[in-house]
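Chemist: here is a sequence with its predicted model. Questions after.
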Amino acid sequence: MARILLVHGAFAGAWCWEPALPGLRAAGHEVETLDLPGAGADRTPVAEVTLVAYAEKICGALAGGPPALLAGQSMGGMAITQAAARCPEQISSLLYIGAFAPAEGQSLMDLVSWAEAADDQVQANLVVEGDPPVGRLPIEAAKRVLFNASTPEQASWAAERLGPQPVAPFEQRVSVAAENADAFARLSRAYIVCRQDRAIPPAMQRRMLTETG
């Protein structure tokens with residue numbers, strides 16, 4: 001049995017894991033979720049939402065218990081990677097679920113520039129506005145892009161709960177402090193490829209998991 005911390009992707013919040021929690025807990029796992037800064041019920045101002053702020057919140061959540069399996073979905077992969085670079089001693093392993101899996105020095109925007117990301121439907125439907133910039137995904141587009149493998153009822157439930165996504169974390173690169181480099185490199189990693197994913201095309205998922213080992 002494991003301690004598991006689940007980290008959501010862009011536009012979402014801890015709520016997106018609700019359907020998965022009963023089964024995981026019934027299996028005996030200790031499962032936790034959180035709202036990343038600026039997401040869900042977290043009211044961090046947009047100007048303060050950064051990739052480092054994501055990592056700080058994750059590491060803060062991990063600090064209260066034994067090392068955990070840290071799982072990230074979609075953009076949550078960026079967040080868990082930066083958290084692992086910051087507090088590797090609090091993590092037993094990393095799990096990427098159809099997620100961005102960056103190497104040190106890579107940003108989400110670097111990854112979506114790959115040829116394998118050409119069919120990324122989030123980028124195709126994203127509406128960006130404001131200063132600092134915030135991205136939004138229209139409800140009907142979200143149903144097609146993010147919840148294409150869901151029932152209509154599930155897609156509506158989720159799409160209507162999506163919120164704005166600060167753009168800054170998309171542009172910031174993963175950094176690893178020298179004192180954490182060895183522990184970060186030793187962390188075990190696993191990747192679940194989502195073959196119907198319209199946000200991160202499967203070919204892109206496979207390239208990331210190959211390049212990052």
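Modeler: Alright, I've got the coordinates.

Chemist: partner residues bridging Ala68?
Modeler: Beta bridges link Ala68 to Ile91, judged by DSSP bridges.

Chemist: how deep is it tucked in, by neighbour count?
Modeler: Around Ala68 there are 21 other residues, counting by other CB atoms under 10 Å. Heads up, the C-betas are built off the backbone N, CA and C, glycines and all.

Chemist: what about the spatially most central residue of the chain, distance to Gln165?
Modeler: Among the residues of the chain, the one closest to the centroid is Gly76, at 0.8 Å (CA atoms, centre = their mean). Separation of Gly76 from Gln165 (CB to CB, to the nearest Å) stands at 12 Å.

Chemist: likewise for Ile192?
Modeler: When distance is defined by CB to CB, Ile192 is 22 Å away from Gln165.

Chemist: re earlier: can you give me phi and psi for the residue nearest to the centre of the chain?
Modeler: phi -60, psi -20 (degrees, to the nearest 10).

Chemist: which non-adjacent residue is nearest it?
Modeler: With sequence-adjacent residues excluded and distances taken as CB to CB, 6 or more residues apart in numbering, Gly76 is closest to Val7, at 4.0 Å.

Chemist: ranges for the helices of this protein?
Modeler: 21-26, 51-62, 76-86, 108-111, 121-125, 139-145, 152-159, 168-171, 181-186, 202-212 (DSSP state H).

Chemist: make JSON lines out of those and add mean pLDDT and distance to Asp42.
Modeler: Shown next, in JSON lines, are these (pLDDT from 0 to 100; distance: least, CB to CB, whole Å):
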{"stretch": "helix 21-26", "mean pLDDT": "97", "distance to Asp42": "19"}
{"stretch": "helix 51-62", "mean pLDDT": "98", "distance to Asp42": "8"}
{"stretch": "helix 76-86", "mean pLDDT": "98", "distance to Asp42": "13"}
{"stretch": "helix 108-111", "mean pLDDT": "98", "distance to Asp42": "19"}
{"stretch": "helix 121-125", "mean pLDDT": "96", "distance to Asp42": "21"}
{"stretch": "helix 139-145", "mean pLDDT": "97", "distance to Asp42": "20"}
{"stretch": "helix 152-159", "mean pLDDT": "98", "distance to Asp42": "18"}
{"stretch": "helix 168-171", "mean pLDDT": "98", "distance to Asp42": "13"}
{"stretch": "helix 181-186", "mean pLDDT": "97", "distance to Asp42": "26"}
{"stretch": "helix 202-212", "mean pLDDT": "96", "distance to Asp42": "27"}
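
Chemist: deepest-packed of these, please.
Modeler: helix 76-86 (a mean of 27; mean count of other CB atoms under 10 Å).

Chemist: other SSEs contacting it?
Modeler: With contacts defined as 3 or more CB pairs under 8 Å, 6 or more residues apart in numbering; DSSP states H and E, helix 76-86 has these neighbours: strand 3-7, helix 51-62, strand 68-73, strand 91-97.
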